[in-house]
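Enquirer: Compute the structure for the input listed below.
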Amino acid sequence: MSIKVGDKAPDFALPSQMGDNVTLSEFFGKKNIVLYFYPKDETPGCTREACNFRDSYEEFTNLGAEVLGISGQSVESHKSFASHYGLPFILLSDKDNKIRKLYGVPSSMGLIPGRVTYIIDKKGVVRHIFSSQTQTQRHVEEAKNTLIELEKEQQPAT
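Expert: Numbers count the residues shown, from 1 in each chain. Model (predicted):
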């Protein structure tokens, strides 16, 4: 199964770096969601990407969005990674890669878990997908641009 723009985002519950369970649908009706899948904590590309999301986090919250990062590492690994880099957003542990498979996130060279960002609107609909293993900064830029467009759509007509 591969999720496409216009699809309802499949709901899930995963443990966060704080040890609590986070359900995707708890944000529906309240916030847009930046759901980004990344390969591994503490690797150069993933650290760059996480720090880019961190540095733009205030912009994301101002745009009415929550950032959720998902990879296959443990809750403890995520807790350490978030603490090490001062990450203000939620990291979710998908240890058996069920959610990665549910969303159809591809692997690179069949080995490295893919890097894909989904923008999900308040109704739970996937509005944008960006996939690039190497262009870590573009994930943040694409997310911001999509959220700005969503904000324009969601404003009442005057």
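Enquirer: Tell me if I'm right that Gly69 and Pro88 touch.
Expert: No. The criterion here is C-beta atoms under 8 Å, and Gly69 misses it with Pro88 at 11.2 Å. Glycine gets a C-beta too; all of them are placed from N, C-alpha and C.
Enquirer: Test my guess that Ser93 contacts Gly69.
Expert: No. Contact criterion C-beta under 8 Å: Ser93 and Gly69 do not qualify, at 10.3 Å.
Enquirer: If you count surrounding residues, which of those two has more?
Expert: Taking Ser93 and Gly69 together and counting by other C-beta atoms under 10 Å, Gly69 has the greater number of neighbours (25 against 22).
Enquirer: Next up, the contacts around that one.
Expert: Counting by C-beta atoms under 8 Å, 6 or more residues apart in numbering, Gly69 touches Tyr36, Phe37, Tyr38, Ala50, Phe53, Leu87, Phe89, Ile90, Leu91, Leu92.
Enquirer: strands paired with the least confident helix or strand in the chain by mean pLDDT, and their directions?
Expert: Lowest mean confidence among the helices and strands of the chain (mean pLDDT, DSSP states H and E): strand 107-108, at a mean of 80. Each strand paired with strand 107-108, and its direction, by DSSP bridges: strand 112-113 (antiparallel).
Enquirer: will you turn the contacts of Gly69 into TSV that also has pLDDT?
Expert: Listed next are these as TSV, based on pLDDT from 0 to 100:
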residue	pLDDT
Tyr36	96
Phe37	95
Tyr38	95
Ala50	95
Phe53	96
Leu87	97
Phe89	97
Ile90	97
Leu91	97
Leu92	98
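Enquirer: need the residues you listed in a markdown table with distance to Val126, secondary structure and neighbour count, can you?
Expert: What follows is these, written out as a markdown table (distance: C-beta to C-beta, whole Å; DSSP: H, G, I helix; E, B strand; the rest coil; neighbours: other C-beta atoms under 10 Å):
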| residue | distance to Val126 | secondary structure | neighbour count |
| --- | --- | --- | --- |
| Tyr36 | 13 | strand | 23 |
| Phe37 | 13 | strand | 25 |
| Tyr38 | 18 | coil | 27 |
| Ala50 | 22 | helix | 26 |
| Phe53 | 19 | helix | 23 |
| Leu87 | 24 | coil | 20 |
| Phe89 | 19 | coil | 20 |
| Ile90 | 19 | strand | 18 |
| Leu91 | 21 | strand | 26 |
| Leu92 | 17 | strand | 22 |
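Enquirer: Farthest pair within these?
Expert: Using C-beta to C-beta, these span at most 15.5 Å, a distance reached by Phe37 and Leu87.
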